[in-house]
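# Structure of the sequence below:
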Amino acid sequence: MRGSHAGGGNCIRRVWLKWCLVLGVLAGCSEYGLRMVRGQEIQLDNVGSDLIIEDVVLGVHGGTGVDKKDMTPELEKKIRAGLKAALEAGAKRLKEPNALPLDGVEAAIRVLEDDPHFNAGRGAVFTHEGRNELDASIMEGTTKRAGAVASVTIVRNPISAARAVMEKSKHVMMIGRGAEVFATQQGLEIVDPAYFWTESRWKDISRVWAEEKKNGGRADLEPKSSTYFGTVGAVARNSQGQLAAGTSTGGMTNKMFGRVGDSPIIGAGTYAEDGAAAVSCTGHGEFFIRFGVSKEIVSQIKYRGLNVQQAAQEVINRQLKAAGGEGAAIVLNSQGQWTTSRNCEGLYRGWINSRGEIFTRLYEE
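Reported below is the predicted structural model:
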């Protein structure tokens, strides 16, 4: 009998030692930035990523590719004020009776579109032909309805036109003149193209034209320019965990006529799915389209069980970066967990929580 008890004791000790070993490995993984998710090892280094922020109801971004050397105290103050105004407008709309996450997203983006310091709406960059061509998309996560417009030149707030396409038509995307006629029919504000002219953007395109003349060929603004990835976007949720996302942009400085990036493409620049996440992106649109970045982030959460930070890092800082694509994403899930991820300079961003507290960030702060 003593031998039997001794054997049982040895068995218990072996099991105990195995559990100690497992716990030790997991602790080590945590210490070195590794997470075990459904049997998969996920590298998480926090580079170019915000930590997960809890209890967020609305988040916005004003573009990435921001070089701190180009920032003045006056401009920084205006950028932060613009982000704050967008968050206040969106949060106010979300508090109204029967408001939807869509309402908060649209309200926040309209403020950013009206602010000349962001590359969307009023502050849109110029094309190679010296025009302003605007793109936008919006999506709600409950039924996955979505709407988008591209290459519009007279619609003051493209995000509202995108929502009108979603709610007032049988389509998901409308472009160019057709989208403008539709927006007019829906009673949206139509403006003269001159409304979108700003001195700073005109200086940008004038410099490019001068380079082209000097070099005898085509020139583009280098990726690190503060005007390069100036897209705006927003993500929102309500107390029921319903989600929405939207994105709006003037595109790339000196883009060719008819060029459309990821911002109006559902699954590339914008995506939302209740129970997973709402995502808005900014960056080199061609890469975001090819990789379906916003949908891929949601899929990483939905199918691999990653949290918002892990999913954003996996797509932005591993998959996209490995292919040479630059940009960023903001991500919000149904539980109110928010994060951002970027693989290039800075990101204008801000969020507001359920207590009404507002935070803004431009760099690694």
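# which stretches of the chain form strands?
34-37, 40-43, 56-64, 134-140, 146-152, 173-175, 232-237, 243-249, 270-273, 277-283, 327-332, 338-342, 347-353, 358-361 (DSSP state E).
# The longest one to strand 243-249, inter-axis angle?
Here the directions of strand 56-64 and strand 243-249 differ by 20 degrees (axes from the mean of the first three to the mean of the last three Cα atoms, to 10 degrees).
# now for strand 56-64, which elements pack on it?
When contacts are defined as 3 or more Cβ pairs under 8 Å, 6 or more residues apart in numbering; DSSP states H and E, strand 56-64 packs onto helix 73-94, helix 101-113, strand 232-237, strand 277-283, strand 327-332, strand 338-342, strand 347-353. (Each C-beta comes from the backbone N, C-alpha and C, glycine too.)
# Of all the strands of the chain, which one comes closest to residue 184?
Distance to residue 184, taken as Cβ to Cβ, is lowest for strand 146-152 among those, at 10.7 Å.
# and residue 316, what is it in contact with?
48, 293, 297, 327, 328, 329, 341, 342, 343 (Cβ atoms under 8 Å, 6 or more residues apart in numbering).
# What's the separation between it and residue 78?
Distance check for residue 316 against residue 78: by Cβ to Cβ, to the nearest Å, it reads 27 Å.
# where does the stretch 251-365 of the chain have low pLDDT?
Within the stretch 251-365 of the chain, the segments meeting pLDDT under 70 span 365.
# Let's see that with 80 instead.
The model of the stretch 251-365 of the chain has pLDDT under 80 over residues 364-365.
# ok now stretch 149-169, how far from the chain's centre?
Stretch 149-169 sits 19 Å away from the centroid of its parent chain (Cα atoms, centre = their mean, to the nearest Å).
# rewinding a little: out of the strands of the chain, which gets nearest to residue 166?
Smallest distance to residue 166 across these (Cβ to Cβ): 2.8 Å, for strand 146-152.
# Show me what the closest one is packed against.
Packed on strand 146-152, when contacts are counted by 3+ Cβ pairs under 8 Å, 6+ apart, are strand 134-140, helix 158-168, strand 173-175, helix 176-185.
# Pick the most deeply packed of those.
strand 134-140 (a mean of 32; mean count of other Cβ atoms under 10 Å).
# Report the angle between that one and helix 176-185.
60 degrees.
# Compute the inter-axis angle for strand 134-140 and helix 158-168.
50 degrees.
# Tell me which strands strand 134-140 pairs with, and in which orientation.
The strands beside strand 134-140 in its sheet (DSSP bridges) come out as strand 146-152 (antiparallel), strand 243-249 (antiparallel).
# want to throw these into CSV with distance to residue 160 and mean pLDDT?
Formatted as CSV, these follow (distance: least, Cβ to Cβ, whole Å; pLDDT from 0 to 100):
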stretch, distance to residue 160, mean pLDDT
strand 146-152, 9, 99
strand 243-249, 10, 99
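# Of the ones you listed, which stretch is the most buried?
Highest mean neighbour count of the strands paired with strand 134-140: strand 243-249, a mean of 34 (counted as mean count of other Cβ under 10 Å).
# before we move on, the earlier item: quick one: which of the helices and strands packed on strand 56-64 is nearest residue 141?
Across the helices and strands packed on strand 56-64, closest to residue 141 is strand 277-283 (Cβ to Cβ), at 6.0 Å.
# And that closest one, what does it pack against?
strand 56-64, strand 232-237, strand 243-249, strand 270-273, helix 293-304, strand 327-332.
# Serialize those to JSON lines and add fields for distance to residue 124.
Formatted as JSON lines, the helices and strands packed on strand 277-283 follow (distance: least, Cβ to Cβ, whole Å):
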{"stretch": "strand 56-64", "distance to residue 124": "12"}
{"stretch": "strand 232-237", "distance to residue 124": "10"}
{"stretch": "strand 243-249", "distance to residue 124": "8"}
{"stretch": "strand 270-273", "distance to residue 124": "18"}
{"stretch": "helix 293-304", "distance to residue 124": "21"}
{"stretch": "strand 327-332", "distance to residue 124": "18"}
